[in-house]
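Novice: Sharing a sequence plus its predicted fold:
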Amino acid sequence: MKKFTAMLILLALLACEKNNLLTPQEVEELITKDIEVIFTTNEPNYDEVMITYYDFSIGTDIAKAYPFEYDIDGNSLPLKIIFENYKYKTIRGEGFRNNFSEAEIKVQLYIDSRLVKERKSNGTSTIFARVNFNYDI
């Protein structure tokens, strides 16, 4: 009888909770993240960064050169790559300055507006500055 009563209580609890269950879409919204990858440079002249990241949705690396823009006073503006509703458990990528400069290049990785990783690198006259933003979410 105790087992039967326990089973009835469990079924009643499940019936009450049925109206509060999340749909598959709501569950996906809970686990997706908004990700920002922000690159900055202190190179006072023209600068660009070659950014490569793995696109899990198509199963391949994406590579593209992004030139920095500068304000009227010659200060570089941050370069942002945004992934809205990112549903994968890992983000993998890197950026490198596409020229030989000793100036610093920096990458910051934000997940849901929270800084989770920051890397800086300086190049030399023979080595490109390189930073990665690999992270397990």
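Specialist: Good, I have the coordinates.
Novice: Give me the neighbour count for Phe39.
Specialist: A count of nearby residues for Phe39, using other CB atoms under 10 Å, gives 23. Backbone N, C-alpha and C define where each C-beta goes, glycine included.
Novice: okay, now Val37: neighbour count?
Specialist: When neighbours are counted by other CB under 10 Å, Val37 registers 21.
Novice: hang on, it packs against Leu115?
Specialist: No. Using CB atoms under 8 Å, Val37 is not in contact with Leu115, being 11.4 Å away.
Novice: Between those two, which contacts overlap?
Specialist: Listed as contacting both Val37 and Leu115 by CB atoms under 8 Å, 6 or more residues apart in numbering are Gln108, Leu109.
Novice: ok, now how distant is the residue nearest the centre of the chain from Ile91?
Specialist: For the chain, the residue nearest the mean C-alpha position is Ile35 (3.8 Å; CA atoms, centre = their mean). Distance, Ile35 to Ile91, by CB to CB, to the nearest Å: 6 Å.
Novice: any common contacting residues for these two?
Specialist: Common contacts of Ile35 and Ile91, defined by CB under 8 Å, 6+ apart, comprise Phe83, Leu109.
Novice: which residues of this structure fall in helices?
Specialist: Ranges of helices within the chain are 2-17, 24-31, based on DSSP state H.
Novice: averaging pLDDT over each of those, which comes out lowest?
Specialist: When the helices of the chain are ranked by mean pLDDT, helix 2-17 comes last with a mean of 48.
Novice: Sounds good, over and out.
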